[in-house]
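J.: curious how this folds, go ahead:
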Amino acid sequence: MSATRRKLTTIFSADVQGYTRLMVADEEGTLATLKQYRDAMARLIEARGGRVVNTWGDGLIAEFPSVVESVRTAIDVQNELAGHNAVRPAETQMRFRIGINLGDVMVEGDDIYGDGVNIAARIQTAAPAGGIVISNTVYDQVRNKMAVGFEFLGDLAIKNIEEGVPSYVVRIGGEKSGAEAVARRAEPAADGRSRDADRSGAFLGRRISRKFLLLALIALGLVAINVLSWNGIFWAEWPMLAVAVLAGLRWASMTSLINRGVAMLSVVALGVVGVNLLTWNGIFWAKWPLLGIALAGGIGWIIRKRAS
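T.: Predicted coordinates for the structure are as follows:
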């Protein structure tokens, strides 16, 4: 029996959206299509240095030594399979969802196990049919290396993982946004039931970060305590400002809309202005720390430009 060891690797997880429906409609045809599509997927995976680890049912797990190559492979896979689907009747088209995570795994023989694999498999369920979702560990490695767009989905809840996993949809060409794709998947199917209703409902619930909700509850609690113990002073403004800054920093650490460093500095600047306003004595002293923050941001921008 092979000894178990650990390593850091990129895990690529894929399965078929609506596989049960396809099997009920045409079992033999679905199995033939599944084999054809998985063979194409395996060829593309191996061409970019990856390795198919396992296949079961309609699923596939692969690993890559390169994070960038794993995402490029996922895009190649979805583009090639979209071409195959384009010449098939709509009711027999087979669309895969792909999830990619960079994480630590346990290795035993040719198999890999652990939270790194579980996260890839879980975030894959949030992907639209024909789409790709990546974890934040993958996003951090590829966001400046690939000419594709990314849409932040929020923290996706993962079983047995205490905190949610910040995740992103990879935008391929004219693909719909993640929110639009989820809405489309929730439309009623022919039998009156919603498509993947359980998955899309859970996904929509996860879009709102639990940490933001916690911070909002803390702020409301402080206001309630201040009001119930009212002595003519609204002291809750200070902890509310602190909560607002914490929420802003949390957002800045996850945003894909602007550079995260710029977002962090902007939140700090707003916090300084908030302190100035709450201690207002007719002097806008915040202009000096704001100047320092602006200079720091400018220097950081110049350094990044020179490095790139």
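
J.: show me this protein divided up by domain.
T.: Residue ranges for the domains of the chain, per automatic domain parsing: 5-206, 210-307.

J.: any idea which of those domains is most buried?
T.: Highest mean neighbour count of those: domain 5-206, a mean of 18 (counted as mean count of other CB atoms under 10 Å). For glycine as for every other residue, the C-beta is placed from the backbone atoms N, C-alpha and C.

J.: return the distance of it from the chain's centre.
T.: Here domain 5-206 is found 12 Å from its chain centre; the criterion is CA atoms, centre = their mean, to the nearest Å.

J.: what average pLDDT does that domain get?
T.: Average pLDDT, domain 5-206: 85.

J.: what of stretch 221-239?
T.: Across stretch 221-239, the average pLDDT comes to 91.

J.: how about the helices in the stretch 1-150 of the chain?
T.: Here the stretch 1-150 of the chain has its helices, by DSSP state H, counting those that start in this stretch, at 19-25, 27-47, 67-86, 115-124, 136-142.

J.: out of the ones you listed, the one nearest residue 7 is which?
T.: Residue 7 lies closest, by CB to CB, to one member of these: helix 115-124, at 9.5 Å.

J.: C-alpha coordinates for that closest one, CSV please?
T.: Taking C-alpha atoms only, helix 115-124 is exported to CSV below (Å, rounded to 0.1, in the frame of the first residue of the first chain):
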residue,chain,number,x,y,z
ASP,A,115,-10.2,19.8,1.6
GLY,A,116,-8.5,21.1,-1.5
VAL,A,117,-10.4,18.6,-3.6
ASN,A,118,-13.7,19.1,-1.7
ILE,A,119,-13.6,22.9,-2.3
ALA,A,120,-13.1,22.4,-6.0
ALA,A,121,-16.0,20.0,-6.2
ARG,A,122,-18.3,22.3,-4.1
ILE,A,123,-17.6,25.6,-5.9
GLN,A,124,-18.2,23.8,-9.2
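
J.: and that helix, what does it pack against?
T.: Applying 3 or more CB pairs under 8 Å, 6 or more residues apart in numbering; DSSP states H and E, one finds that helix 115-124 contacts strand 5-16, strand 59-64, strand 96-108, strand 132-135, strand 165-171.

J.: format those as JSON lines; extra columns: distance to residue 79.
T.: Listed next are those as JSON lines, based on distance: least, CB to CB, whole Å:
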{"stretch": "strand 5-16", "distance to residue 79": "14"}
{"stretch": "strand 59-64", "distance to residue 79": "17"}
{"stretch": "strand 96-108", "distance to residue 79": "12"}
{"stretch": "strand 132-135", "distance to residue 79": "11"}
{"stretch": "strand 165-171", "distance to residue 79": "12"}
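
J.: nearest to residue 126, of these?
T.: strand 132-135 (5.2 Å).

J.: partners of that closest one in the sheet?
T.: In the sheet, strand 132-135 lines up against strand 96-108 (parallel), strand 165-171 (antiparallel) (DSSP bridges).

J.: adding distance to residue 65, write these out as CSV.
T.: Formatted as CSV, these follow (distance: least, CB to CB, whole Å):
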stretch, distance to residue 65
strand 96-108, 11
strand 165-171, 20
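
J.: out of those, flag the one nearest residue 64.
T.: Taking CB to CB, strand 96-108 is the member of these nearest to residue 64, at 8.6 Å.

J.: quick one: that closest one to helix 27-47, angle?
T.: 60 degrees (axes from the mean of the first three to the mean of the last three CA atoms, to 10 degrees).

J.: ok and strand 96-108 relative to helix 67-86, angle-wise?
T.: 140 degrees.

J.: and strand 96-108 with strand 5-16, angle?
T.: Here strand 96-108 points in a direction 160 degrees away from that of strand 5-16 (the same axes, to 10 degrees).

J.: no further questions, thank you.
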